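Asks: Predicted model, plus sequence, below.
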Amino acid sequence: MKKPIMRPLSKTTIKVKPQKELPVNERKPFDLIIGEIYYFPSGHRNVVECRLIEIYQEGERERITVEIDAQVQSLAGTLSLYPYEIGQTPEEALQNRIT
């Protein structure tokens with residue numbers, strides 16, 4: 001069985017209309033799929049693409065590892081996050097940002 005071909009992550013930052021940040025308890029959980037592309041906030045109006053590479057348990061809490069291939073050097077590489085820190089759309093990612 002062949003592995004599916006994954007498209008490369010975008011290296012550019014995506015500008016989005018500012019979104020109101022949602023409190024953690026108001027964020028809607030969604031199904032996470034390893035290998036899928038999601039969005040991670042990188043500022044007040046910017047997001048970058050990220051690829052989900054791992055889901056794991058840390059005590060009672062679920063954690064995820066994402067890969068980012070961005071021009072913003074401080075973001076490039078892998079990050080360990082909580083699932084509510086990313087979004088399925090750029091707008092949702094800004095709503096889920098941690099300040």
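Replies: Yes, it's here.

Asks: Quick check: buried residues in stretch 57-67?
Replies: Neighbour counts over stretch 57-67 (16 or more other CB atoms under 10 Å) mark 64, 65, 66, 67 as buried. C-beta here means a position set from N, CA and C on the backbone, and glycine is covered the same way.

Asks: Which of those residues fall within strands?
Replies: The strands, defined by DSSP state E, take in 64, 65, 66, 67 from the buried residues of stretch 57-67.

Asks: I'd like a version of those in CSV, one that adds distance to residue 47 as further columns.
Replies: Formatted as CSV, those follow (distance: CB to CB, whole Å):
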residue, distance to residue 47
64, 16
65, 18
66, 12
67, 15
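
Asks: would you say residue 19 is within a helix?
Replies: No - read with DSSP: H, G, I helix; E, B strand; the rest coil, residue 19 is coil and lies in no helix.

Asks: Tell me who's in contact with the residue nearest to it when sequence neighbours are not counted.
Replies: Nearest residue to residue 19 in three dimensions, chain neighbours excluded: residue 94, at 3.9 Å (CB to CB, 6 or more residues apart in numbering). For residue 94, the contacting residues are 16, 18, 19, 21, 41, 44, 45, 47, 87, by CB atoms under 8 Å, 6 or more residues apart in numbering.
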